[in-house]
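>>> Just need the structure, nothing else, for what follows:
(one chain, ligands or ions: 1)
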Amino acid sequence: MGLWDHVKPARRPPSPLSVETTERSLKVAWDDGAVTETPFRTLRLECPCAGCIEEWSGKRMLDPATVPEGVRPLKVEPVGNYAVSFLWSDGHTTGIYSWPTLRAIGAPEPAASST
Ligand SMILES: [Zn+2]
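Predicted coordinates:
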């Protein structure tokens, strides 16, 4: 009996039906009908790995000035069935983008408004 037998997420996060690269962006079709298209450089700058984000503070360590304008993935690799990783043209490979992370980068939720 694990924790997950008792605690279930309220809503299943969307997962991708397809992931493809266009000339300058990553295009994802989600199972809730949304399609996100994220420029490669944005994805690279949002890299969630421990080298780019300080784990305990969430502080972004990556200096955008070090990321080339034309950065792109040389290879896109699925990680299990929950994430994807990229071999970036600037040599960075350690970022694992889970589906919720990928979705959040591609389609930031608008700030909740109380009106
Ligand atoms: Zn990284």
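>>> Stretch 75-87: which residues count as buried?
Going by neighbour count (16 or more other Cβ atoms under 10 Å), the buried part of stretch 75-87 is 83-86. All C-beta spots, glycine's among them, are computed from the backbone N, C-alpha and C.
>>> right, is it up against the ion?
No: Stretch 75-87 stays clear of the ion (Cβ under 5 Å from the ion), getting no nearer than 9.6 Å.
>>> which residues are in contact with that stretch?
15, 19, 21, 26, 43-44, 73-74, 92-93, 95-99, 101-102 (Cβ atoms under 8 Å, 6 or more residues apart in numbering).
>>> Filtering the residues you listed by proximity to the ion, which remain?
For the ion, the contacts drawn from the contacts of stretch 75-87 by Cβ under 5 Å from the ion are Gly95.
>>> Where does Pro41 sit: helix, strand or coil?
Just to correct that, residue 41 is Arg rather than Pro. helix (DSSP: H, G, I helix; E, B strand; the rest coil).
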